[in-house]
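Trainee: Sequence and predicted structure are below.
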Amino acid sequence: MKKFLKYVLATIVGLFVFTVILGFFGLITVAGLTAASAETPAVKDNSMLVLKLKGFIQERVTEDNPLVGLLEDDVPQVELDDIVKAIREAKQNANVKGIFIDADVVQFDSYATAAAIRCELTDFKKSGKWIYAYGMNFTQAGYYVSSVADSLFIATNGTLDFKGLGGKNAYLKGLYDKIGVNFQAVRVGKYKSYVEQQTSTSMSENDREQRMAYLNGMWTMLLKDIAAARKTTPEALNHVADDSIAVFADTRDYVATRLVDGSCYREQMHKKIKRRLGIADDAEPHICKLSTLAQLYKEPSDATDKVVVYYATGEIVDANVQGLFGEGCIEGNKMVSFLMDLGEDDHVKAVVLRVNSPGGSATASDNLAHEIAVLSEKKPVVVSMGGVAASGGYMMSAPADYIFAEPYTLTGSIGIFGMVPNASQLVGDKLGIAFDGAVTNRYTDYQTKLTVAQDNNAELAFLQSYVDRGYEQFLTVVSQGRHLSREAVHQVAQGRVWIAGDALNHRLVDKIGTLDDAIKKAAELAKLDDYSVQSAPAKKGWMDFLMKKIKVSASFDSRLKETLGTFYEPIMEAQRDAHRNRIQARMTDDVTF
């Protein structure tokens with residue numbers, strides 16, 4: 001016993017010492033980060049900005065990683081705002097002579113994000129400065145951004161993905177039939193296709209119709225932009241995409257089809273850049289990182305009158321159950337509370353909602369729409385749509401005073417659905433499990449009947465009526481917010497997803513424009529001449545980041561992810577379904593590019 005207590009005491013002391021040491025090194029790290037951030041970065045004359053298109057680039061990151069750029073020089077920037085600020089600073093900074101796009105395997109959260117970067121690069125060229133681009137492995141979206149360059153090269157034996165938009169979806173009804181599970185779907189809107197992957201064996205014609213409409217719309221814009229930059233025609237590029245597998249035997253085919261100007265090794269590309277900078281081959285060019293220029297960029301004003309840009313990003317949920325939905329979600333109650341605070345803040349003169357959401361909980365979406373309507377009675381509210389603002393994401397946008405959409409925005413999807421798996425064949429016929437019990441009322445055990453009873457038509461009818469009521473409320477929100485008749489809204493609703501241009505024609509949005517356009521409109525509506533722009537909600541700081549890493553590294557979830565690998569996310573998605581609101585205003589999230 002004495003030896004046991006001795007070991008326990010030694011363990012406690014060891015943990016205490018470890019905690020003290022960890023805290024000490026943490027303080028040193030913080031001090032170093034603080035000192036580094038306090039220094040104003042310098043840009044040497046005859047410098048160039050290196051824009052790395054690598055990894056995953058998204059519109060907004062919810063937490064700051066204090067180690068990004070500190071330990072590695074080639075850690076890619078992953079947030080759109082930093083990239084935009086860096087390009088704008090490069091345009092106005094006399095010491096920066098050009099931009100080198102260093103492209104590799106890169107993914108974007110949407111084509112709207114890729115288009116926003118390309119738009120900034122196009123504006124940069126108005127300064128008369130140059131852009132060179134070089135790629136080892138061009139993804140299609142990465143090539144779209146890079147095509148704006150004055151000179152575009154691919155690595156010798158590099159690859160370029162140019163094949164069009166779309167893809168195949170997995171339809172699981174056949175699998176569920178084999179195991180005795182039937183997904184019961186109730187929905188309003190013939191285009192509300194979210195349920196089909198669970199309830200069908202193939203794509204419905206309605207879903208195919210809407211997908212072809214917005215994919216063709218996006219592809220047309222892509223071809224037009226690339227053709228203008230590469231001095232060719234959209235028709236020629238479309239022909240290349242149709243024949244790409246046969247044509248692209250080696251990099252000479254990329255040159256022959258005018259997709260690139262040439263191919264070379266990286267060392268040869270460096271020499272081209274050095275000649276453009278006017279320095280010797282054996283000299284080292286002055287390189288600016290994104291983080292450096294983004295830090296230097298200053299907003300036009302620091303006035304006390306503010307326009308707040310609130311980023312509403314991710315799935316809309318009633319509550320994030322122990323982080324089940326991850327960092328990128330919209331927690332209904334939290335956002336409602338924040339909007340109420342904005343309404344009471346006298347320094348906030350206008351609000352811009354940057355919506356990037358496929359929707360989610362119908363209840364949370366309705367609550368957000370109501371609070372946005374209340375806020376708009378106190379001060380101007382302008383919506384700026386990102387890559388997707390559909391279903392619940394559109395519902396919360398509709399009450400705003402003015403709505404902007406990006407050219408590549410997918411929006412609409414005005415519809416409601418509910419989906420409940422019924423395992424009566426599995427548990428009854430295959431496993432031999434029977435259910436019986438005592439209830440006080442007819443529908444006391446309706447949830448059990450929905451999931452394991454073969455005769456549950458009454459319960460499904462009840463669920464359908466709830467969905468119908470949700471759809472009517474959706475129509476009301478859009479009708480009142482957009483000043484349209486209910487019939488006019490119903491005609492363009494039906495769960496159909498629209499690309500921005502079509503949404504504009506149907507009066508679902510007011511104008512095609514950028515986030516900057518939305519900010520200017522909000523200031524105009526608030527009659528502001530001088531104002532500052534503030535982003536919300538605030539990103540989580542370095543301490544949140546470090547604590548999260550410490551917590552996650554020791555958690556069961558982290559070990560499970562390592563064990564399951566690619567199977568982790570499908571299992572987690574099933575877990576999320578168990579915690580989602582049963583009635584969803586949500587767009588399918590399997591749109592592939």
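Mentor: It's in.
Trainee: for residue 439, what are its contacts?
Mentor: Counting by CB atoms under 8 Å, 6 or more residues apart in numbering, residue 439 makes contact with residue 445. Every C-beta, even on glycine, is put in place using the N, C-alpha and C of the backbone.
Trainee: ditto for residue 508
Mentor: 394, 403, 411-412, 478, 482, 492, 498.
Trainee: hmm, 7 Å instead?
Mentor: Residue 508 sits next to 411-412, 482, 492, 498 when contact means CB atoms under 7 Å, 6 or more residues apart in numbering.
Trainee: Quickly note the distance from it to residue 405.
Mentor: Distance check for residue 508 against residue 405: by CB to CB, to the nearest Å, it reads 8 Å.
Trainee: ditto for residue 425
Mentor: 45 Å.
Trainee: what about the two, which has more around it?
Mentor: Neighbour totals were compared for residue 425 and residue 405, and residue 405 leads with 29 against 17 (other CB atoms under 10 Å).
Trainee: now the one helix or strand residue 343 maps to, how far from the centre of its chain.
Mentor: Using DSSP states H and E, residue 343 falls within helix 332-344. Centroid displacement of helix 332-344 relative to its chain, using CA atoms, centre = their mean, to the nearest Å, is 22 Å.
Trainee: which outside residues touch it?
Mentor: 308, 312, 316-319, 348, 351, 361, 364, 367-368, 371-372, 374-375, 378, 536-537.
Trainee: Show me which positions of it end up buried.
Mentor: Using 16 or more other CB atoms under 10 Å as the test for burial, helix 332-344 gives 332, 335-336, 338-339, 342-343.
Trainee: Torsion angles phi and psi at residue 437?
Mentor: Main-chain torsions, residue 437, degrees, to the nearest 10: phi 180, psi -170.
Trainee: wait, I meant residue 313
Mentor: Dihedral angles for residue 313 - degrees, to the nearest 10 - are phi -120, psi 130.
Trainee: Could you say which helix or strand holds residue 50?
Mentor: strand 47-57.
Trainee: Can you tell me the strand partners of that strand and which way each runs?
Mentor: Strand 47-57 has its sheet partners listed here by DSSP bridges as strand 96-108 (parallel), strand 286-288 (parallel).
Trainee: okay, and the common contacts of residue 508 and residue 405?
Mentor: residue 411.
Trainee: Wait, residue 120 touches residue 86, no?
Mentor: No - between residue 120 and residue 86 there is no contact under CB atoms under 7 Å: 9.1 Å.
Trainee: With neighbour numbers in mind, choose between the two.
Mentor: residue 86 (27 against 21).
Trainee: how much space is there between the nearest residue to that one once chain neighbours are set aside and residue 49?
Mentor: The shortest distance from residue 86 to any non-neighbouring residue, by CB to CB, 6 or more residues apart in numbering, is to residue 293 (3.9 Å). Residue 293 sits at a distance of 6 Å from residue 49 (criterion: CB to CB).
Trainee: Quickly list what's touching both of these two.
Mentor: Common neighbours of residue 293 and residue 49, using CB under 7 Å, 6+ apart, are 86, 90.
Trainee: hmm, who's touching the helix or strand hosting residue 90?
Mentor: Per DSSP H and E: residue 90 is located in helix 80-92. For helix 80-92, the surrounding residues in contact (CB under 7 Å, 6+ apart) are 49, 57, 59-60, 77, 96, 99, 113, 116-117, 120-121, 124, 127, 290, 293-294, 296-297.
Trainee: Let me see the ranges of the helices in the stretch 101-250 of the chain.
Mentor: Using DSSP state H, counting those that start in this stretch, the helices of the stretch 101-250 of the chain run over 111-124, 140-146, 173-179, 196-199, 205-230, 234-242, 244-247.
Trainee: buried set for the first one?
Mentor: By that I understand helix 111-124. 111-121, 124.
Trainee: what's the average pLDDT for that helix?
Mentor: For helix 111-124, the mean per-residue pLDDT is 97.
Trainee: from the chain's centre, how far out does it sit?
Mentor: 16 Å.
Trainee: In terms of secondary structure, what does that helix contact?
Mentor: helix 80-92, helix 140-146, strand 381-390 (3 or more CB pairs under 7 Å, 6 or more residues apart in numbering; DSSP states H and E).
Trainee: again, but for the second one
Mentor: Counting contacts by 3+ CB pairs under 7 Å, 6+ apart, helix 140-146 is packed against strand 47-57, strand 96-108, helix 111-124, strand 130-138.
Trainee: if we go to 6 Å?
Mentor: Under the contact definition 3 or more CB pairs under 6 Å, 6 or more residues apart in numbering; DSSP states H and E, helix 140-146 sits against strand 96-108, helix 111-124.
Trainee: what distance separates it from the middle of the whole chain?
Mentor: Its chain's average C-alpha position is 17 Å from that of helix 140-146, according to CA atoms, centre = their mean.
Trainee: any residues touching that helix, and which ones?
Mentor: When contacts are defined by CB atoms under 6 Å, 6 or more residues apart in numbering, helix 140-146 is touched by residues 53, 101, 103, 106, 108, 114, 117-118, 133, 160-162, 222.
Trainee: mind putting the helices of the stretch 101-250 of the chain in JSON lines, distance to residue 433 included?
Mentor: Below are the helices of the stretch 101-250 of the chain laid out as JSON lines (distance: least, CB to CB, whole Å):
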{"stretch": "helix 111-124", "distance to residue 433": "48"}
{"stretch": "helix 140-146", "distance to residue 433": "49"}
{"stretch": "helix 173-179", "distance to residue 433": "14"}
{"stretch": "helix 196-199", "distance to residue 433": "22"}
{"stretch": "helix 205-230", "distance to residue 433": "35"}
{"stretch": "helix 234-242", "distance to residue 433": "53"}
{"stretch": "helix 244-247", "distance to residue 433": "51"}
